[in-house]
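Participant: sharing a model that was predicted from the sequence below.
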Amino acid sequence: MKIFYNIIGISTLALLLSCTKDKGNYDYHDINELTVGGLKSSYSAMTGIDTLRITPTIAMTESVSDPSRLVYTWIAKKGNNVDTLGKQKELNYPVGLLPDIYTLQVRILDKQTKVVWSGKANLTIGTPYTKGIMLMGENANGYAEVDMISMVKDTITVKSLLAESGLPPLRGPVNIQHSGGSATYMKLWAFTSSGSYYLDRLTMKGKAADQFGKLVYTTDPINKETLSPIIMAPQIRDAAGNVGSNFVRAMMTSDGNIFSSYLTLNGGDFYANPINRDKDNFGKLLKAAPYLLYPINNISSMLWYDTINERFMNYSSFILNTSSVTLTDAQDDSFPWNQAATGRSLVYAENTRNTDGGSTNGNSFAIMKNKNNTYFIYKFYANGAAPAKRAAYTISAIATNFDKADFYAFSSNRSVVFYSVGNRLYAYDYNIGNEKAYQFPTIGTDEISMLKFDTQIDYQTNSLYIATYNATTKGTLRRYIVGNNPNVVELTEANKSKWSNLVKIKNMSWRAVN
């Protein structure tokens, strides 16, 4: 009770003091009150691309004849970090903020009254690199370069990403590939024959130290500093950026070595000894052809081609396997895994979404040739410990210039392979008993620099991407739709799917997320 009475006493004293005569001389007056309007509740912009332009409306209770009386400051806040965007009434800010969510605020100081008024909004900064088609190719000087057809909001072209990356000039473009899958293990790789680097996914910047060697822990006598990857598996399999497995990854290097990782067991995107070896002769590394063959929709194993012994080898499981196994052949098989006795060698290979023969997750194709320059197509399901052979086809003589092709591309939805020689485009229907050959002069006279069927965005549309190049208009990318009439191969250019003034395109891949 003592504390209670003390409080009453103090309160009474304060009341008596407040009631005494005020002998002070106070001069009260109204201040100029401001109301900030003209701001939306939220804004969004892409860093490095957009300019944020905002004109606020200012309502005042007093007229201000001298504009310099008001001081404007535009800021972006993220936690304790504050970035000043402008000092004028109208914000005109070429966006350079890192992609994130900020609070945008305009502060207005009345220098006469020293009162600060403010207005605020939400600000989301994105990157043009989040979603779109990434293009690896050569610039006019012959250096590797990356352009991107960004599809985050409107479709725009972002150019010269490698030149702006901070990496040294590179040659021999191979691919630009986002890993997709789990955010924990995501990487974005620029593959070239003169060096490969993983880039910052938000900024597309690179560092010379960010090479494959720092991810490898090998006991083999391999110089890690010279390891340069050219292929990463699995590829992205849909428009959302999903992959055939969030837990496994394989990297093939330019010297023909293959490194695998079971990401959760390895504690991340790390790699041990290469697996391109026969389990029965573990001490000898076998140079692999530059293809990793697996079902795109669900990868748990993969095939690769041994160029020394001319045979397909099977890496039957990513979990703890440190080597590969030879595959057995039966006498009545459509083709042998071991090609040595046939005198055939591998020319080209590709993974597709073709499901013939019950290959739910996608068949793979290989083009072989023998010493007499006869060509063959093998179709197989590179899945599990016993991959299945689906069919073999002998290329007919009606397939003009098939042996001279610069590029091949297999349709997932039809028994058709497209190929090109210089500026000429061909197609060959290899359906046994119904073989047909086609040439497409409507493509034009420009050199064809890439053929690629879409297996990543929407493979069911049977879209074929064709890249061409000339010195005036530079690189051009077009998307064509292959018709589904089984009696003829028809090619129709897709609406609003042509992009020009690009690099000389060598490869393309889809990116769906940061």
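Facilitator: Sure, I can see it.
Participant: I'd like the average pLDDT over stretch 311-326.
Facilitator: Taken as a whole, stretch 311-326 has an average pLDDT of 96.
Participant: tell me where the stretch 51-200 of the chain has strands.
Facilitator: Using DSSP state E, counting those that start in this stretch, the strands assigned to the stretch 51-200 of the chain run over residues 51-54, 57-60, 70-78, 81-86, 91-94, 100-110, 115-126, 132-138, 144-150, 156-158, 173-178, 188-192, 197-198.
Participant: out of these, which comes closest to residue 458?
Facilitator: Checking the strands of the stretch 51-200 of the chain against residue 458 by C-beta to C-beta gives strand 132-138 as the closest, at 12.5 Å. Glycine gets a C-beta too; all of them are placed from N, C-alpha and C.
Participant: report the inter-axis angle for that closest one versus strand 173-178.
Facilitator: Orientation check (axes from the mean of the first three to the mean of the last three C-alpha atoms, to 10 degrees): strand 132-138 against strand 173-178 gives 160 degrees.
Participant: so in this structure, where's the weakest helix or strand by average pLDDT?
Facilitator: helix 2-18 (a mean of 37; mean pLDDT, DSSP states H and E).
Participant: what's the first helix or strand after that helix?
Facilitator: Later in the chain than helix 2-18, the nearest helix or strand by DSSP states H and E is strand 34-37.
Participant: alpha carbons only: can I get that next one in CSV?
Facilitator: Extracted as CSV, the C-alpha positions of strand 34-37 are listed here (Å, rounded to 0.1, in the frame of the first residue of the first chain):
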residue,chain,number,x,y,z
LEU,A,34,2.5,17.7,-46.3
THR,A,35,0.6,14.7,-47.7
VAL,A,36,2.5,12.4,-50.1
GLY,A,37,0.4,10.8,-52.8
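Participant: sheet-wise, list the partners of that strand with their directions.
Facilitator: Applying DSSP bridges to the sheet, strand 34-37 is found paired with strand 57-60 (antiparallel).
Participant: for the strand it pairs with, give the mean pLDDT please.
Facilitator: Averaged over strand 57-60, pLDDT sits at 87.
Participant: what does that strand contact?
Facilitator: Under the contact criterion C-beta atoms under 8 Å, 6 or more residues apart in numbering, strand 57-60 has outside partners 32-38, 70, 89, 108.
Participant: of these, which is the nearest to residue 441?
Facilitator: residue 38 (57.5 Å).
Participant: next up, phi/psi of that closest one, please.
Facilitator: phi 80, psi 10 (degrees, to the nearest 10).
Participant: surely it and residue 90 touch.
Facilitator: No. Residue 38 lies out of contact with residue 90 (C-beta atoms under 8 Å); the separation is 10.1 Å.
Participant: which neighbours do those two share?
Facilitator: With C-beta under 8 Å, 6+ apart, residue 38 and residue 90 have common neighbours 54-56.
Participant: which of these are buried?
Facilitator: Neighbour counting with 16 or more other C-beta atoms under 10 Å marks 54, 56 as buried within the shared contacts of residue 38 and residue 90.
Participant: reformat the shared contacts of residue 38 and residue 90 as JSON lines; add distance to residue 276.
Facilitator: Formatted as JSON lines, these follow (distance: C-beta to C-beta, whole Å):
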{"residue": "54", "distance to residue 276": "57"}
{"residue": "55", "distance to residue 276": "62"}
{"residue": "56", "distance to residue 276": "63"}
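Participant: tell me which residues in the strand or helix carrying residue 495 are buried?
Facilitator: Using DSSP H and E, residue 495 falls within strand 491-502. The neighbour-count check on strand 491-502 (16+ other C-beta under 10 Å) flags 491, 499, 502 as buried.
Participant: what is the nearest of those residues to residue 119?
Facilitator: residue 499 (40.2 Å).
Participant: quick check: beta-bridge partners of the closest one?
Facilitator: With DSSP bridges as the rule, residue 499 is bridged to residue 477.
Participant: hmm, it is touching residue 477, no?
Facilitator: Yes. With contact taken as C-beta under 8 Å, residue 499 and residue 477 are classed as touching, separated by 4.9 Å.
Participant: sorry, back to before: among the strands of the stretch 51-200 of the chain, which is nearest residue 396?
Facilitator: Here strand 173-178 is closest among these (C-beta to C-beta), at 31.9 Å.
Participant: just checking: what are the partner strands of that closest one?
Facilitator: Taking DSSP bridges as the criterion, strand 173-178 forms sheet pairs with strand 188-192 (antiparallel).
Participant: can you show me the CA trace of the partner strand as CSV?
Facilitator: Written as CSV, here are the backbone C-alpha positions of strand 188-192 (Å, rounded to 0.1, in the frame of the first residue of the first chain):
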residue,chain,number,x,y,z
LEU,A,188,24.7,-22.3,-63.5
TRP,A,189,27.6,-23.3,-65.7
ALA,A,190,29.2,-21.7,-68.7
PHE,A,191,30.9,-24.5,-70.7
THR,A,192,33.7,-23.7,-73.2
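Participant: chain center to it: distance?
Facilitator: Counting by C-alpha atoms, centre = their mean, to the nearest Å, strand 188-192 is centred 10 Å from the centre of its parent chain.
Participant: likewise stretch 183-190?
Facilitator: Taking mean C-alpha positions (C-alpha atoms, centre = their mean), stretch 183-190 and its chain are 9 Å apart.
Participant: do stretch 320-333 as well
Facilitator: 33 Å.
Participant: in that stretch, what's buried?
Facilitator: Those would be 323-324, 326-327, for stretch 320-333 by 16+ other C-beta under 10 Å.
Participant: output it as CSV - backbone C-alpha positions only.
Facilitator: Provided in CSV are the C-alpha atoms of stretch 320-333 (Å, rounded to 0.1, in the frame of the first residue of the first chain):
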residue,chain,number,x,y,z
LEU,A,320,28.0,-45.4,-53.9
ASN,A,321,29.0,-46.7,-57.3
THR,A,322,32.6,-45.8,-58.3
SER,A,323,32.8,-47.6,-61.6
SER,A,324,30.8,-48.8,-64.6
VAL,A,325,29.9,-52.2,-65.9
THR,A,326,30.0,-53.9,-69.3
LEU,A,327,26.6,-54.9,-70.8
THR,A,328,25.7,-58.4,-72.1
ASP,A,329,24.4,-59.0,-75.6
ALA,A,330,22.1,-61.7,-76.8
GLN,A,331,22.3,-63.2,-80.3
ASP,A,332,18.9,-62.0,-81.4
ASP,A,333,19.3,-58.4,-80.1
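Participant: contacts for it, please.
Facilitator: With C-beta under 8 Å, 6+ apart, stretch 320-333 has contacts from 260, 262, 265, 272-273, 275-280, 282, 304, 311-316, 336-338, 387, 389.
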